[in-house]
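Participant: Sequence isn't available, so here's the structure alone:
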């Protein structure tokens with residue numbers, strides 16, 4: 001029976017609990033590996049069962065919209081499913097019949113094609129290429145013949161002398177005759193090549209029938225497996241995944257069928273025999289990623305070379321494939337279903353190799369559709385997110401994580417390239433706010449945990465200084481026409497998209513009073529964190545782009561030991577930048593007091609950048625810092641400075657006042673009480 005624990009600690013601590021074998025790191029790593037191995041083995045040895053099921057699942061996504069359409073026409077589920085499956089079965093039977101007829105016709109003309117090829121080969125022998133090939137072949141034959149003669153002379157024993165009195169023995173001829181096959185054997189030999197495809201087709205359509213009939217029940221079971229704690233979210237995710245997959249497969253099937261029709265019509269006009277066969281073959285091969293369309297061109301090219309005594313038909317066939325494939329792949333496909341399949345190029349290649357090894361040529365055809373299904377499940381089911389990370393084309397890291405990883409790896413060139421890409425979509429202030437400062441927060445957290453070495457801190461500061469210097473020539477405006485690569489990075493999904501908001505207010509040239517233009521009118525004071533100096537330099541850069549005089553003050557100049565020697569100069573406002581405000585911000589309060597003593601007439605703004613810190617919801621603690629204003633972003637800091645200029649009587653020109661008055665979307669000043677309720 002359990003008893004309540006005593007409030008006093010025991011004198012002898014309890015023995016540590018032993019970690020079970022299944023909880024050790026090796027066991028935790030081995031368990032997924034064993035499960036993956038079992039799954040792969042099951043897929044390999046059970047491919048006779050899983051291949052029809054996989055084909056049926058893919059067909060269900062294609063026929064799902066047709067079934068829904070028939071249901072909207074007041075037809076019952078059984079009737080709608082029967083019509084859809086019968087239609088699909090009829091199409092498959094018609095295509096199979098066409099393929100059989102075309103293959104039989106092609107086989108009957110093979111002798112004639114062989115004669116044409118032999119004549120072409122004879123014609124090539126008289127050319128320079130043929131003579132060079134014969135010369136090389138003769139040299140090889142001579143070398144091979146010399147070697148055989150030398151071996152024969154060394155190993156051949158001397159033949160014994162023949163006995164003249166012995167009669168010559170004559171060989172006996174033996175004739176072997178097979179028993180003619182019976183009717184059952186003949187039928188078996190004729191039907192055996194088609195029995196397996198017919199059985200597979202039957203299994204596919206039986207499974208397809210049950211999938212379409214039990215659609216809701218299967219969806220409920222998938223929801224149960226994915227997690228039923230949040231039924232609304234899981235249901236919406238499953239419906240969205242099914243809708244996306246249906247649309248993708250229907251569009252892909254229609255596009256590949258259209259491509260096959262165009263290829264077949266083009267081959268018919270060129271004069272290539274059996275154009276229907278090659279159109280169907282091309283449509284099927286387009287499901288193979290990257291090389292499918294070009295592999296499908298090999299057979300028509302070979303047939304054109306066998307039919308035409310010249311080379312005009314071969315050239316025309318090659319032009320047909322070379323022109324149509326880029327148009328469909330790079331123009332029509334992106335317009336119909338986006339830039340790509342949602343898979344990374346490496347994932348497409350690996351999936352093609354994996355499924356081909358697992359299931360053979362059928363796996364090659366199914367590799368891309370099956371991997372697309374896995375990626376869509378990974379994007380909608382939390383437990384399967386690793387599939388999206390491994391095979392999806394979205395960035396694995398957010399822009400913030402990418403930025404921090406690059407400065408942590410001391411790679412300033414990649415930091416600059418990353419910034420250039422995002423700045424094609426965002427303004428400079430938005431990039432600083434949503435990427436750089438959030439990345440510096442990660443650095444500040446790691447520094448607080450003590451995981452950054454002095455060398456890493458120095459490298460991070462150097463990378464930041466170089467980045468700020470490189471971006472000094474950039475204007476703080478949102479680009480009107482972002483590049484496609486930048487849009488894919490920014491809109492790669494909610495997980496990776498920074499918020500590219502409107503840039504801060506930009507006064508008209510000459511609108512800032514002279515007293516605010518001189519150097520040091522605004523002091524950007526760095527906190528004691530190792531990246532606070534870089535954050536202060538960023539704020540100074542954004543203010544300078546608006547014609548405001550700034551001065552960056554390191555924390556050492558305003559420390560307690562040196563505050564008496566600190567000269568504020570013509571400062572009208574001081575902005576304190578600190579990325580390390582966890583816990584009681586005692587150092588910030590004391591820094592505000594020291595600055596207040598040296599410049600009592602100046603306004604003091606404190607930047608509280610870590611928006612997830614608990615202090616932002618505590619109004620008494622914010623008020624205890626005794627700052628005139630608290631801001632949580634660079635944009636808010638810039639607008640706080642401009643608001644201070646606006647508040648001075650007669651300080652603003654008419655142009656700036658009008659621009660400020662006409663900016664209705666500008667963020668209001670946020671006092672501590674406002675931050676507490678945010």
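Facilitator: Thanks, I have the structure now. Fair warning: this is a prediction, and the values are worked out from it, not measured in the lab.
Participant: tally of neighbours for the closest residue to residue 557 other than its chain neighbours?
Facilitator: In space, and not counting its chain neighbours, residue 557 is closest to residue 566: 5.6 Å by CB to CB, 6 or more residues apart in numbering. C-betas here are computed from N, CA, C, even on glycine. Using other CB atoms under 10 Å as the criterion, residue 566 is surrounded by 16 other residues.
Participant: give the contact list for residue 566.
Facilitator: Contacts here follow CB atoms under 8 Å, 6 or more residues apart in numbering; on that basis residue 566 touches 553, 557, 558, 598.
Participant: Residue 250 now?
Facilitator: By CB under 8 Å, 6+ apart, the neighbours of residue 250 are 61, 62, 65.
Participant: Residue 461 is in what secondary structure piece?
Facilitator: Element membership for residue 461 (DSSP states H and E) is helix 454-470.
Participant: now that helix: mean pLDDT?
Facilitator: For helix 454-470, the mean per-residue pLDDT is 87.
Participant: now do stretch 512-525
Facilitator: Averaged over stretch 512-525, pLDDT sits at 86.
Participant: how long is it end to end?
Facilitator: End-to-end distance for stretch 512-525, by CA to CA, to the nearest Å: 22 Å.
Participant: List of residues touching it?
Facilitator: The contact list for stretch 512-525, computed with CB under 8 Å, 6+ apart, reads 536-537, 539-540, 543, 546-553, 555, 558, 568-577, 591, 595, 602, 641, 645, 648, 651-653, 656.
Participant: returning to what we had before: just the buried members of the contacts of residue 250?
Facilitator: Buried subset of these (neighbour count, 16 or more other CB atoms under 10 Å): 61, 62.
Participant: ok, back up a step: could you give the backbone dihedrals for the residue nearest to residue 557?
Facilitator: Residue 566 has phi and psi values of phi -80, psi 130 when expressed as degrees, to the nearest 10.
Participant: mind checking how far it is from residue 451?
Facilitator: Distance, residue 566 to residue 451, by CB to CB, to the nearest Å: 33 Å.
Participant: quick revisit: write the ChimeraX selection for whichever of the contacts of residue 566 are buried.
Facilitator: Of the contacts of residue 566, the buried ones can be selected in ChimeraX as follows, counting by 16+ other CB under 10 Å:
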select :553,558,598
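Participant: Among the contacts of residue 566, which ones are in helices?
Facilitator: Members of these lying in helices (criterion: DSSP state H): residue 598.
Participant: Out of the contacts of residue 566, which is nearest to residue 102?
Facilitator: residue 553 (82.7 Å; CB to CB).
Participant: Find the nearest non-adjacent residue to the closest one, please.
Facilitator: That would be residue 525: by CB to CB, 6+ apart, it lies 4.6 Å from residue 553.
Participant: With residue 474 instead?
Facilitator: residue 428 (5.0 Å).
Participant: do residue 574 as well
Facilitator: That would be residue 523: by CB to CB, 6+ apart, it lies 4.3 Å from residue 574.
Participant: in its sheet, what does the host helix or strand of that neighbour sit against?
Facilitator: Remark: residue 523 resides in strand 522-526, with elements defined by DSSP H and E. If you go by DSSP bridges, strand 522-526 pairs up with strand 550-553 (parallel), strand 573-578 (parallel).
Participant: hmm, who's touching the shortest one?
Facilitator: So that's strand 550-553. By CB under 8 Å, 6+ apart, strand 550-553 touches 519-526, 533, 536-537, 539-540, 543-544, 566, 569, 571.
Participant: where exactly do the helices run in the stretch 501-650 of the chain?
Facilitator: Ranges of helices in the stretch 501-650 of the chain, per DSSP state H, counting those that start in this stretch, are 514-517, 532-544, 586-598, 619-624, 634-647.
Participant: Let me have those helices in CSV, adding distance to residue 279 as columns.
Facilitator: Formatted as CSV, those follow (distance: least, CB to CB, whole Å):
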stretch, distance to residue 279
helix 514-517, 73
helix 532-544, 60
helix 586-598, 74
helix 619-624, 72
helix 634-647, 58
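Participant: rank the ones you listed by pLDDT, which is bottom?
Facilitator: Across the helices of the stretch 501-650 of the chain, helix 619-624 has the smallest mean pLDDT, namely a mean of 66.
Participant: if we take the contacts of residue 250, which one ends up nearest to residue 370?
Facilitator: Nearest to residue 370 among the contacts of residue 250, counting by CB to CB, is residue 61 at 11.5 Å.
Participant: Report the contact partners of that closest one.
Facilitator: Residue 61 makes contact with 242, 245, 246, 249, 250 under the criterion CB under 8 Å, 6+ apart.
Participant: Using neighbour counts, pick out the buried residues of the longest helix seen in the chain.
Facilitator: Looking across the chain with DSSP H, the single longest helix is helix 231-270. For helix 231-270, the neighbour count (16+ other CB under 10 Å) marks 234, 237-238, 241-242, 244-246, 248-250, 252-253, 255-256, 259-260, 262-264, 266-267, 270 as buried.
Participant: what's the answer for stretch 393-407, then?
Facilitator: Within stretch 393-407, the residues scored as buried using 16+ other CB under 10 Å are 393-395, 398-407.
Participant: and the end-to-end length of that stretch?
Facilitator: Stretch 393-407: ends 24 Å apart by CA to CA.
Participant: Tell me if I'm right that the residue nearest to residue 474 and residue 478 touch.
Facilitator: No - taking CB atoms under 8 Å as the definition, residue 428 is not a contact partner of residue 478, at 9.3 Å.
Participant: who has more neighbours, these two?
Facilitator: Between residue 428 and residue 478, counted using other CB under 10 Å, the more crowded position is residue 428 (23 against 16).
Participant: got the contact list for that one?
Facilitator: With CB under 8 Å, 6+ apart, residue 428 has these contacts: 471, 474, 475, 476, 477, 503, 542, 545.
Participant: how about the helices in the stretch 351-500 of the chain?
Facilitator: Secondary structure of the stretch 351-500 of the chain, counting by DSSP H, counting those that start in this stretch: helices at 361-380, 385-391, 399-408, 412-422, 428-431, 437-449, 454-470, 484-490.
Participant: out of those helices, nearest to residue 104?
Facilitator: Of all the helices of the stretch 351-500 of the chain, helix 361-380 comes closest under CB to CB, at 21.6 Å.
Participant: neighbouring contacts of the closest one?
Facilitator: When contacts are defined by CB under 8 Å, 6+ apart, helix 361-380 is touched by residues 51, 54-55, 57-58, 237-238, 240-241, 244-245, 248-249, 252, 284, 287-289, 341-343, 347-348, 351-352, 354-357, 359, 384-389, 391-392, 493.
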